[in-house]
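Undergrad: okay, predicted coordinates and the sequence, questions at the end:
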2 protein chains.
Amino acid sequence: MGVITRQEQDAGGKGHAALKVFVVLAHPERRSFNGAMADAAVETLTDLGHQVVVSDLYRLGFDPVSDRRNFISARNSEFFKQQIEEDHATDVAGFAPAVAAEIAKMEAADLMIWQFPLWWFGVPGILKGWVDKVFAFGRVYGRGKFYETGLYRGKRALLSMTTGGAEKAYLSDGFNGDINGILRPIQRGMLQFVGFDVLQPQIVWAAAHLSEEERKAQLAAWQARLAGIAAEEAIPVGRY
Amino acid sequence: MGVITRQEQDAGGKGHAALKVFVVLAHPERRSFNGAMADAAVETLTDLGHQVVVSDLYRLGFDPVSDRRNFISARNSEFFKQQIEEDHATDVAGFAPAVAAEIAKMEAADLMIWQFPLWWFGVPGILKGWVDKVFAFGRVYGRGKFYETGLYRGKRALLSMTTGGAEKAYLSDGFNGDINGILRPIQRGMLQFVGFDVLQPQIVWAAAHLSEEERKAQLAAWQARLAGIAAEEAIPVGRY
């Protein structure tokens, strides 16, 4: 017990190499609690010496509709099949600038954080469309690379979100059902599918009903967690 | 056993009153198999005497980004909180025309069919954003109305979709996991949440890998099912 653990040695994150962190924010109101959570992450991670890049999808004016607009190239200009166009765009650098920029940010990152409100048991449409466009066949997955052989093995990802309902609504016997089941399509079907290790989600329950003091406590808890993020382990797949 | 069952009596659907059916299509390529499935539904249901309305989201140019653009009214022009604006818009007819039109189509329907490719374990971003905007607090749910007390009780909904992977990938021990778990956030979190009874999903597995003959067989099976759709029972919640 007298041994100095990795966590202790790295308290404050100073013992780790600087991480490249990519924060994707998806909330229409910049001054929302989701916005504050994103700001808190940027502040804390930057203070720790990590490099942080943010894609604030609403302020970027990100267009989440996925079709030919994703590309500047065309493999088949008669019939649109997205995977075929993605595969071709991978070879000819044919992604539209707005898509290519997001892919580049994701590729550069050691850790990706999605900050969003849980809407209809999922990510907001603007973020779902971001995934549809940015998780491109050939470049991000496929050609035999997915899950355990995913191109993004070694990278980590984390969902940081707010809910409308209280925590008890998201238990196995709650009226919405187990939150782990609700998040499975995101954590398994999107993040693990392309190879990310998934960290425990950061969930602020019933955010709209919190007092100002409770929100400050939630922000502080998030910042405290982020201080040790470099040493965090992925949650096992079996938990989903 | 000599009793004529409701199903037999209503074979062909002629014994039922005409249904109002709302088909929402979400695929970028109009000539895709998803487009053909939508066309097959319209043809069959119309032939049976049902009234069919289609929202072809890509051809409508539906904008799936959810924010102030959803409204022509504003309850609070300083700080945007979507539920509050939806609640207010419900009282003052403040929904933007593109949103109001979709709500009206959904309200008029006895049966809603979503036709889409399963992308990243979910609906395409354009359809997720449609839900974010159209399933409006006050008008479509809330004020104490959800699940068993949902405003849409008595209406039915059905997911008709294509997958990239084969059926075996979507079994409990398949590498993607049980399709019922994957669809739960949609069938439970969106459709049942607002009161819809959910019918068995229509799934065409690995659609891109089917031969022309297999696709015709899938279209015929879909049309055969739709011929008896008026008499179909909802799938139990416990199956999710």
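TA: Thanks, I have it.

Undergrad: which residue is the nearest non-sequential neighbour of residue A:152?
TA: residue A:195 (3.6 Å; Cβ to Cβ, 6 or more residues apart in numbering or on different chains). Placement of C-beta: from N, CA and C, glycine included.

Undergrad: residues contacting the one you found?
TA: With contacts defined as Cβ atoms under 8 Å, 6 or more residues apart in numbering or on different chains, residue A:195 is in contact with A:141, A:145-155.

Undergrad: out of those, which is most surrounded?
TA: Per-residue neighbour counts (other Cβ atoms under 10 Å in any protein chain shown) across the contacts of residue A:195 peak at residue A:152, which has 23 neighbours.

Undergrad: so it touches residue A:196, yeah?
TA: Yes: Residue A:152 is within contact range of residue A:196, at 5.1 Å (criterion: Cβ atoms under 8 Å).

Undergrad: show me where chain A has its strands.
TA: With strands called from DSSP state E, chain A shows them at A:20-25, A:51-56, A:111-117, A:156-162, A:197-198, A:202-204.

Undergrad: of all those, which lies closest to chain B?
TA: strand A:111-117 (8.8 Å; Cβ to the nearest Cβ).

Undergrad: what lines up beside the closest one in the sheet?
TA: Take DSSP bridges as the rule and strand A:111-117 pairs in its sheet with strand A:20-25 (parallel), strand A:156-162 (parallel).

Undergrad: buried residues in that strand?
TA: Within strand A:111-117, the residues scored as buried using 16 or more other Cβ atoms under 10 Å in any protein chain shown are A:111-117.

Undergrad: rewinding a little: tabulate the contacts of residue A:195 in JSON lines, adding columns for pLDDT.
TA: Below are these laid out as JSON lines (pLDDT from 0 to 100):
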{"residue": "A:141", "pLDDT": "97"}
{"residue": "A:145", "pLDDT": "91"}
{"residue": "A:146", "pLDDT": "89"}
{"residue": "A:147", "pLDDT": "91"}
{"residue": "A:148", "pLDDT": "89"}
{"residue": "A:149", "pLDDT": "93"}
{"residue": "A:150", "pLDDT": "94"}
{"residue": "A:151", "pLDDT": "95"}
{"residue": "A:152", "pLDDT": "96"}
{"residue": "A:153", "pLDDT": "96"}
{"residue": "A:154", "pLDDT": "96"}
{"residue": "A:155", "pLDDT": "98"}
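
Undergrad: closest to residue A:53 out of the residues you listed?
TA: residue A:155 (13.8 Å; Cβ to Cβ).

Undergrad: and that closest one, how far is that from residue B:100?
TA: To residue B:100, residue A:155 is 43 Å away according to Cβ to Cβ, to the nearest Å.

Undergrad: tell me, how many residues neighbour residue A:65?
TA: 22.

Undergrad: tell me, how many residues neighbour the residue nearest to it when sequence neighbours are not counted?
TA: Distance criterion Cβ to Cβ, 6+ apart; nearest residue to residue A:65, sequence neighbours excluded, is residue B:126 at 5.4 Å. By other Cβ under 10 Å, the residues close to residue B:126 number 27.

Undergrad: quick one: residues contacting the closest residue in space to residue A:68 that isn't next to it in sequence.
TA: Excluding the flanking residues, the one nearest residue A:68 by Cβ to Cβ, 6+ apart is residue A:80, at 5.9 Å. With contact set as Cβ under 8 Å, 6+ apart, residue A:80 has these partners: A:67-68, B:28-29.

Undergrad: swap the cut-off to 6 Å and go again
TA: Neighbouring residues of residue A:80 by Cβ atoms under 6 Å, 6 or more residues apart in numbering or on different chains: A:68, B:28-29.

Undergrad: for residue A:214, same thing?
TA: Not one residue lies near residue A:214 by Cβ under 6 Å, 6+ apart.

Undergrad: now residue A:153: phi and psi?
TA: Here is the backbone geometry of residue A:153 (degrees, to the nearest 10): phi -50, psi 140.

Undergrad: quickly note the distance from it to residue B:169.
TA: With Cβ to Cβ as the criterion, residue A:153 and residue B:169 are 20 Å apart.

Undergrad: swap in residue A:164?
TA: 32 Å.

Undergrad: neighbour count winner among the two?
TA: residue A:164 (18 against 15).

Undergrad: please read off the pLDDT at the more buried one from the model.
TA: Residue A:164 carries a pLDDT score of 95 in this model.

Undergrad: re the thing from before, who wins for neighbours among the contacts of residue A:80?
TA: residue B:28 (23 neighbours).

Undergrad: what does chain A put close to chain B?
TA: Within chain A, the positions adjacent to chain B are A:28-29, A:64-65, A:67, A:80, A:119-122, A:125-126, A:128-129, A:131-132, A:182, A:185, A:189-190 by Cβ under 6 Å from any Cβ of the partner chain.

Undergrad: filter the residues you listed to the buried ones?
TA: A:28-29, A:64-65, A:67, A:80, A:119-122, A:125-126, A:128-129, A:131-132, A:182, A:185, A:189-190.

Undergrad: can you pull the contacts of the residue nearest to residue A:51 when sequence neighbours are not counted?
TA: Spatial nearest neighbour of residue A:51, chain neighbours left out: residue A:20 (5.0 Å); criterion: Cβ to Cβ, 6+ apart. Taking Cβ under 6 Å, 6+ apart, we find residue A:20 in contact with A:51, A:108-110.
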